[in-house]
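**Student:** Sequence and predicted structure, then a few things I'm wondering about:
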Amino acid sequence: MAVYTDITEDELKAFLAEYDAGNLMSYKGIAEGVENSNFLLHTDKAPYILTLYEKRVDRNDLPFFLGLMQHLADRGLSCPLPVARKDGAQLGELAGRPAALISFLEGMWLRKPEARHCRDVGEALARMHLAGEGFALKRRNALSVSGWRPLWDRSEDRADEVETGLKAEIATELAHLEAHWPQDLPAGVIHADLFPDNVFFLDDKLSGLIDFYFACNDFLAYDLSICLNAWCFEKDWSYNITKGMAMIEGYQSVRPLSAAETQALPLLCRGSAMRFFLTRLYDWLMTPPGAMVTKKDPLEYLRKLRFHQAVVSPAEYGLMAGEGA
Ligand SMILES: Nc1ncnc2c1ncn2[C@@H]1O[C@H](COP(=O)(O)OP(=O)(O)O)[C@@H](O)[C@H]1O
Ligand SMILES: N[C@@H](CCOP(=O)(O)O)C(=O)O
């Protein structure tokens with residue numbers, strides 16, 4: 001559950017008085033999510049999402065996230081929009097936290113995505129990459145290769161509590177990734193967390209993307225590797241090549257991959273598996289018992305990482321022969 005900060009009706013009414021968003025009729029905390037506190041509000045005008053940004057989100061990054069949603073929506077991408085206050089600001093303060101009112105996006109996330117949904121996600125990801133062009137603000141990816149070691153340093157001593165031998169295995173993999181990480185691939189604004197819970201579908205059609213709070217500038221193909229990891233494995237951690245093929249095909253129908261991106265895909269998939277393994281491991285070890293958040297299993301990403309380590313050709317992800325040439 002992710003409601004870290006509680007709010008009173010009076011506080012909320014005072015916050016809403018700064019907006020032209022109607023009169024409050026009801027509000028409730030949203031259980032899903034990890035990073036921030038989210039509430040669903042109904043006013044006599046519309047439903048809204050209220051997000052209180054918690055300590056892991058740097059206040060200085062908020063203009064990037066909120067500005068990006070606006071930029072993408074202006075270019076036709078379906079995503080939530082920050083609602084401007086009467087004074088024009090997109091950000092206010094509530095219960096001592098930076099807070100924003102966000103438009104409500106209709107739809108639900110898919111618990112059991114199929115290959116055709118993966119195709120839609122690939123296509124939407126590529127559309128997002130194109131729509132991100134020209135966005136003036138920049139944000140470095142703090143969770144790319146240079147960010148992994150500091151994260152690992154904080155967990156490494158206790159890693160074997162999660163699985164015996166983990167400490168040595170991850171140390172070797174991290175050194176490999178640091179030594180071989182690509183230097184020069186097409187880059188731009190990436191979502192960086194486009195997991196199934198961040199993609200909404202309505203009547204079996206993709207209705208929009210949410211949760212831009214890890215968005216940053218990085219290699220575009222790295223974002224695709226994150227989606228392959230998040231969408232194309234089964235519950236037993238086996239890779240579903242039909243889903244992978246559909247996702248890559250959807251992506252390439254909008255933005256074809258270059259030969260360099262295709263060649264880099266296995267390594268990028270290893271890297272993105274490492275990234276989610278490390279953040280999950282850290283949370284797994286550090287979150288106090290009883291915290292109101294559902295911890296995610298780091299071992300899921302260890303199994304995925306091992307799959308990628310055994311990949312010898314990008315074709316194993318479902319790329320057709322000759323693609324990306
Ligand atoms: N704009 C939105 N429209 C509709 N529902 C939303 C919207 N933003 C968030 N939600 C709901 O809140 C949940 C948590 O939001 P999310 O942004 O993923 O949180 P976090 O950043 O804390 O992980 C989502 O799974 C969804 O149910
Ligand atoms: N997608 C990440 C965790 C971040 O969760 P979100 O609710 O912000 O999408 C993971 O699965 O480890």
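**Tutor:** Thanks, I have the structure now. Keep in mind that what you see is a predicted model, and the values were worked out from it rather than measured. Ligands and ions are numbered 1, 2, ... in the order given.
**Student:** how about stretch 145-154, does it reach ligand 2?
**Tutor:** No: contact of stretch 145-154 with ligand 2 (C-beta under 6 Å from any ligand atom) is absent, the minimum separation being 12.6 Å. For the C-beta atoms, the positions are set from N, CA and C on the backbone; glycine is no exception.
**Student:** List of residues touching that stretch?
**Tutor:** 141, 143, 170-171, 174, 177-178, 181, 271, 274-275, 278-279, 282, 286 (C-beta atoms under 8 Å, 6 or more residues apart in numbering).
**Student:** so what's the one residue in the stretch 101-250 of the chain that gets nearest to ligand 2 closest to, chain neighbours aside?
**Tutor:** In the stretch 101-250 of the chain, the residue that lies nearest ligand 2 is residue 195 (4.3 Å; C-beta to the nearest ligand atom). Nearest residue to residue 195, sequence neighbours excluded (C-beta to C-beta, 6 or more residues apart in numbering): residue 230, at 4.3 Å.
**Student:** Tell me the residues of the chain that contact ligand 1?
**Tutor:** Checking the chain against ligand 1 by C-beta under 6 Å from any ligand atom, the hits are 2, 30, 32-36, 38, 49, 80, 102, 104-105, 197-198, 210-211, 213.
**Student:** 5 Å - rerun?
**Tutor:** Applying C-beta under 5 Å from any ligand atom, one finds that the chain approaches ligand 1 through 2, 30, 32-36, 38, 49, 80, 102, 104-105, 210-211, 213.
**Student:** Is it possible to mark the buried ones in the residues you listed?
**Tutor:** 2, 30, 33-36, 38, 49, 80, 102, 105, 210-211, 213 (16 or more other C-beta atoms under 10 Å).
**Student:** Poorly predicted segments of the protein, please.
**Tutor:** 1-2, 288-293, 321-325 (pLDDT under 70).
**Student:** Walk me through the domains of it.
**Tutor:** Here the domain assignment for the chain is 9-103, 115-317, based on automatic domain parsing.
**Student:** Would you mind saying which of the ones you listed lies nearest residue 109?
**Tutor:** domain 115-317 (4.7 Å; C-beta to C-beta).
**Student:** Could you tell me the end-to-end distance of that closest one?
**Tutor:** Distance across domain 115-317, first residue to last, is 13 Å (C-alpha to C-alpha, to the nearest Å).
**Student:** distance between it and the chain's centre?
**Tutor:** 9 Å (C-alpha atoms, centre = their mean, to the nearest Å).
**Student:** now stretch 52-72
**Tutor:** Worked out by C-alpha atoms, centre = their mean, stretch 52-72 lies 13 Å from the chain centre.
**Student:** Buried residues, that stretch. List them.
**Tutor:** So for stretch 52-72, counting by 16+ other C-beta under 10 Å, buried means 52-53, 57, 61-62, 64-72.
**Student:** picking that back up, from the contacts of stretch 145-154, list the buried ones, please.
**Tutor:** 141, 143, 170, 174, 177, 181, 271, 274-275, 278-279, 282.
**Student:** which residue sits closest to residue 93, ignoring its sequence neighbours?
**Tutor:** residue 99 (6.1 Å).
**Student:** so the one you found makes contact with residue 91?
**Tutor:** Yes: judged on C-beta atoms under 8 Å, residue 99 makes contact with residue 91 at a distance of 7.3 Å.
**Student:** For those two, indicate the residue with more neighbours.
**Tutor:** For residue 99 versus residue 91, neighbours defined as other C-beta atoms under 10 Å are more numerous around residue 99 (23 against 16).
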